[in-house]
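Novice: here is the input, now give the coordinates:
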Amino acid sequence: MKSHLLLGLLAAAAVPPSVARAEVLVDGIVEVLVDGGNNYNWEKVELPGTKCGNGSQYKFFITRSTTGSKNLMFFFEGGGACWDYDTCSGRAGLLGAANPNGITDDYMKQFTAKYVSPIVNGADPGLPFRSRTDIATKDWNIVYMPYCTGDVHVGNNTVTYTDPTGQQPPLPWHHYGYTNSLAAINYAKTQFPNVQKLLVTGFSAGGTATSSSYYFVRRIINPARGYFLNDSGPIYLAPNVNDRSRPLHDKIRQSWNLDSVFNQFPASFDRNNLGTINRMLAMEFPNDQLAYTAYSRDYNYSRFSYERFYTPNDQETVLRYWKEDQDKLVAELKLYNNYSYFIPYSRPINASHCSTIITFIGAHACERMEKKHNWYEYIPEPWQSYKCYSEFVPMDVFLHRFINENQRVRIYEPANGYNDEDPGMDIVAPLINGALGG
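Specialist: Numbering: from 1, shown residues only. Below you'll find the predicted structure:
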């Protein structure tokens with residue numbers, strides 16, 4: 001179960017054996033950090049024609065507000081991607097796709113779905129032993145989309161992948177993400193016909209799905225107000241063949257038959273530059289609140305983007321590519337009044353991948369995080385050499401402003417070591433990473 005979370009969260013960074021042994025404490029640790037996760041009454045839904053990658057029945061889950069809320073969250077789970085035999089079969093390990101063997105009936109009681117995100121759970125304590133703090137999504141209706149197709153919930157293809165070693169038989173694979181998503185969206189419309197606020201969100205591959213599927217979710221559900229938050233699944237601009245993300249885009253566009261899906265988009269989207277999806281959504285839904293969050297030092301999604309396509313592909317080179325693409329994305333988002341972004345620099349949890357998973361500890365951003373200017377600033381926190389000289393904004397505050405107050409929030413944090421120097425993070429991060437890697 002813990003190893004499933006590892007892949008489901010797009011893989012934690014490697015941890016020493018001594019830290020990995022913290023696995024034996026994982027349930028107690030996570031109970032403290034996220035106050036027990038969720039224990040919702042999830043309804044399993046199976047619809048004809050929907051499939052996981054291995055051809056098994058796709059299952060998604062619904063929970064209903066206990067207070068009669070008219071707000072709906074459409075949550076896309078993350079967990080890697082696949083486009084060849086090694087990644088779809090699971091042989092590639094962390095650089096593969098989650099749930100290659102399908103979705104179990106008790107999926108929502110397992111570790112991943114229970115603890116996946118404070119956004120799903122509606123609360124986060126923020127620090128161990130602090131009282132539970134409700135957040136903007138408390139007691140919303142939820143459609144939870146597990147991930148088992150390897151195609152960021154948007155593929156539309158059935159292919160057969162051949163084992164390059166010749167040792168195993170060919171692998172038939174169903175990239176049915178689009179079929180599954182569309183079926184779930186239409187079903188949700190029958191269950192929640194009068195949605196007030198719609199939040200489409202997800203992490204990693206599910207973050208990519210947030211951007212690539214929002215057009216369909218938004219038009220079918222037709223809420224009074226629409227929101228999306230893409231956590232760490234950017235669709236970067238790549239208009240030219242020499243752009244950093246172009247090799248990945250070309251590969252998945254072919255393997256997943258994305259043209260058959262994206263040809264339904266308005267003319268403001270360019271199929272030869274997948275990053276124009278950000279422009280299309282901003283223009284198509286000018287009154288909606290759209291947002292992107294991720295860390296500048298994300299060393300998980302960045303590996304999918306560049307590691308298999310470039311050499312050198314060491315960590316710092318990959319992160320440099322990521323930062324270059326991220327800078328271009330931020331410049332693009334600035335062009336549209338309805339786009340927010342919340343980009344912290346790093347946190348030593350899950351290799352700085354995803355800012356809304358497990359816990360909001362270390363998920364904060366400051367536009368002017370700088371080395372301390374004066375000696376006396378070290379007195380209250382002598383261990384900390386960084387100080388926020390603007391507003392220090394935690395993730396729960398960002399969500400409140402974004403969803404409850406309809407504010408545009410834009411924070412792009414500069415390079416800093418604040419979280420690395422946080423003594424609390426020194427305790428919490430190894431425990432969480434050990435749990436994820438257990």
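Novice: from here on, just use CA atoms for contacts and neighbour counts.
Specialist: Fine.
Novice: residues touching residue 353, list them.
Specialist: Counting by CA atoms under 8 Å, 6 or more residues apart in numbering, residue 353 touches 204, 232, 294, 295, 297, 298, 299, 300, 301.
Novice: over to residue 96?
Specialist: Shown in contact with residue 96 (CA under 8 Å, 6+ apart): 80, 81, 82, 86, 87, 88, 89, 90, 150.
Novice: how about 7 Å then?
Specialist: Going by CA atoms under 7 Å, 6 or more residues apart in numbering, residue 96 touches 80, 81, 82, 87, 88, 90.
Novice: do residue 121 as well
Specialist: Residue 121 neighbours (CA under 7 Å, 6+ apart): 37, 38.
Novice: mind doing that once more with 8 Å?
Specialist: 37, 38, 115, 138.
Novice: ok, those residues vs residue 324, which is closest?
Specialist: Top of the list for closeness to residue 324, among the contacts of residue 121 and by CA to CA, is residue 115 at 32.3 Å.
Novice: do you know how far that closest one is from residue 246?
Specialist: 34 Å (CA to CA, to the nearest Å).
Novice: neighbour count for these two, which is higher?
Specialist: Using other CA atoms under 10 Å as the criterion, residue 115 and residue 246 rank with residue 115 on top: 25 against 22.
Novice: spatially nearest residue to that one (excluding sequence neighbours)?
Specialist: By the measure of CA to CA, 6 or more residues apart in numbering, the closest residue to residue 115 outside its immediate chain neighbours is residue 37, 4.7 Å from it.
Novice: next one: residue 348
Specialist: Distances taken as CA to CA, 6+ apart put residue 429 closest to residue 348, at 6.0 Å, once the chain neighbours are dropped.
Novice: report pLDDT for residue 432.
Specialist: You'll see residue 432 listed with a pLDDT of 83.
Novice: surely it meets residue 348?
Specialist: No: if you go by CA atoms under 8 Å, residue 432 and residue 348 don't touch, sitting 9.7 Å apart.
Novice: which one of these two is surrounded by more residues?
Specialist: Between residue 432 and residue 348, residue 432 has the larger neighbour count (other CA under 10 Å), namely 25 against 21.
Novice: distance of the more buried one relative to residue 350?
Specialist: Residue 432 is 8 Å from residue 350, by CA to CA.
Novice: could you do residue 393 as well?
Specialist: 21 Å.
Novice: these two - which one has more neighbours?
Specialist: residue 350 (26 against 18).
Novice: and the helices in the stretch 101-250 of the chain?
Specialist: In the stretch 101-250 of the chain, the helices defined using DSSP state H, counting those that start in this stretch lie at 111-115, 118-121, 177-191, 205-221, 246-255.
Novice: which of these has the lowest average pLDDT?
Specialist: Mean pLDDT is lowest for helix 111-115 among the helices of the stretch 101-250 of the chain, at a mean of 87.
Novice: the residue nearest to residue 115: what secondary structure?
Specialist: Recorded secondary structure, residue 37: coil (DSSP: H, G, I helix; E, B strand; the rest coil).
Novice: what is the burial count for the closest residue to residue 422 other than its chain neighbours?
Specialist: Using CA to CA, 6+ apart and skipping residues adjacent in sequence, the residue nearest residue 422 is residue 384, 6.9 Å away. A count of nearby residues for residue 384, using other CA under 10 Å, gives 19.
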